[in-house]
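Colleague: Structure of the sequence below:
(4 chains)
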Protein chains: 2
Amino acid sequence: MIDLHSGVPRHRQLADELRTRIRAGDYPPGALLPSETRLSQEHGVGRGTVRRAVGLLRAEGLVDVASGRGTRVRMPTERQRVSVPRGSEVLARMPTAEERAELDVPDGVPVMVVSLGGRVRGVYAADRTLLTLS
Amino acid sequence: MIDLHSGVPRHRQLADELRTRIRAGDYPPGALLPSETRLSQEHGVGRGTVRRAVGLLRAEGLVDVASGRGTRVRMPTERQRVSVPRGSEVLARMPTAEERAELDVPDGVPVMVVSLGGRVRGVYAADRTLLTLS
DNA sequence: TATAATTTGTGCGTATGTATA
DNA sequence: TTATACATACGCACAAATTAT
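Modeller: Numbering: from 1, shown residues only, chains lettered A, B, ... in the order given. I've put the predicted structure just below:
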C-alpha cells in the first residue's frame, strides 16, 4: 500500500511493491503485469508515476515493456559460457547506444568487455553470457 | 539542433547531442552541464524532455546528477585490479537496491559477480573494478 | 545567521501519437 | 474497425537540496 506521507517517493514505493511481488512469484517470469492504467487506478497514483516505477524495474533488467502489448517479467536467459584465457582483463559497463543496437542489448543489461594485452578481445551482452576463466 | 519532424524522439535527440559534446570535450570530465531550465530554453523543449534526456545519460553512467547542485560529467574512476582464480565464473548485471546501498554503486553502474564452484565469492561495483585472471 | 535565488525532485493533468490485440 | 496499451511531450505547481547574498 502506498503511503503518501512516508517521505518515500510514490514511484519508488510502487516499484518496491512490484519488485517484491515479482520475487515472491505473484508475477512469475513471463507473466504480464497489470496495465499502466490499471496500476494507476488501483494504487491511486497518476499514470506518469506508474511509468516512472516501471521504468526503474526496466533499468534493473527485471521487466520488458512493449508498446501496445504490456509489461512482462523477463524470463531468465540461457547464458552461453565463454571461455577466457589467462591474463585476460574483464570489466563491465553499460553499453553505448551503438553497442546496444549492434549486439541487441535489452534495457537494463550491461556489457562485459574482455581484453588481453590492452586489446579488446570481445564485448558480450551480460544477460546472455557467463565468462569462465580457464 | 532538434528536429521536430525527424521521427526520433526529442529527448533522444537531445541525449545524442549532449553525449556527442561530452565525447568531443565540450563538457570534459568534472564539468557542469547547463541547468535543466537552460537546456529547456536553448533547445526549445519542455523541462520534462530535458530530464528524460539527462536520465538516459545517467543510466549509461555518463553523468552524475545531484539535487540542487546540477549535472556533472562523471570522472573516470580508478579501477582496482582484482585477481580472480582459475575456474571462476563471472557475470554482470545491474545491482539490486540492496546492493546499490551496500556497495555504494552510482547510477548506471553494473556489478560483477564472481563465483567458484557455484558459490558467490565476490560482488564488485563495475566502475571501480578490473578483474584480472591469474 | 538568515534570506533569497538556483537547481533538481516529485507529481499531477492533459493531449496526441503509435503499436498491438 | 474498435478498443486497449504504451510512448512522447507539454505545462503547472510545489518540495527539497544547495549555493549565493
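
Colleague: Give me the neighbour count for A:Glu99.
Modeller: 16 (other C-beta atoms under 10 Å in any protein chain shown). C-beta here means a position set from N, CA and C on the backbone, and glycine is covered the same way.

Colleague: same deal with the one 10 residues further on?
Modeller: Other residues near A:Val109 come to 23 when the count uses other C-beta under 10 Å.

Colleague: Quickly note the distance from the residue of chain A positioned farthest from its centre to A:Ser83.
Modeller: For chain A, the residue at maximal distance from the C-alpha centroid (C-alpha atoms, centre = their mean) is A:Gly117, at 31.7 Å. In this view, A:Gly117 and A:Ser83 are 17 Å apart by C-beta to C-beta, to the nearest Å.

Colleague: Distance of the residue nearest to A:Glu78 when sequence neighbours are not counted relative to A:Val65?
Modeller: Nearest residue to A:Glu78, sequence neighbours excluded (C-beta to C-beta, 6 or more residues apart in numbering or on different chains): A:Arg128, at 7.3 Å. Note on A:Arg128: its distance to A:Val65, by C-beta to C-beta, is 19 Å.

Colleague: what do you get for A:His11?
Modeller: 15 Å.

Colleague: Tell me the residues on chain A that lie near chain B, please.
Modeller: A:16, A:19, A:59-61, A:79, A:84-94, A:96-97, A:108-112, A:126-127, A:129-134 (C-beta under 8 Å from any C-beta of the partner chain).

Colleague: okay, now the residue nearest to A:Glu78: neighbour count?
Modeller: 16.

Colleague: Number of residues surrounding A:Thr77?
Modeller: As a measure of burial, A:Thr77 has 14 neighbours, counting by other C-beta under 10 Å.

Colleague: Does A:Thr96 touch B:Glu60 like I think?
Modeller: Yes. If you go by C-beta atoms under 8 Å, A:Thr96 and B:Glu60 touch, sitting 7.4 Å apart.

Colleague: which one of those two has more residues nearby?
Modeller: B:Glu60 (20 against 16).

Colleague: circling back: backbone torsions only: list them for the residue farthest from the centre of chain A.
Modeller: As for A:Gly117, its main-chain torsions (degrees, to the nearest 10) stand at phi 70, psi 30.

Colleague: Next, the contact list for it, please.
Modeller: A:Gly87 (C-beta atoms under 8 Å, 6 or more residues apart in numbering or on different chains).

Colleague: Check chain A for its longest helix and report it.
Modeller: If you go by DSSP state H, chain A has its longest helix at helix A:10-24.
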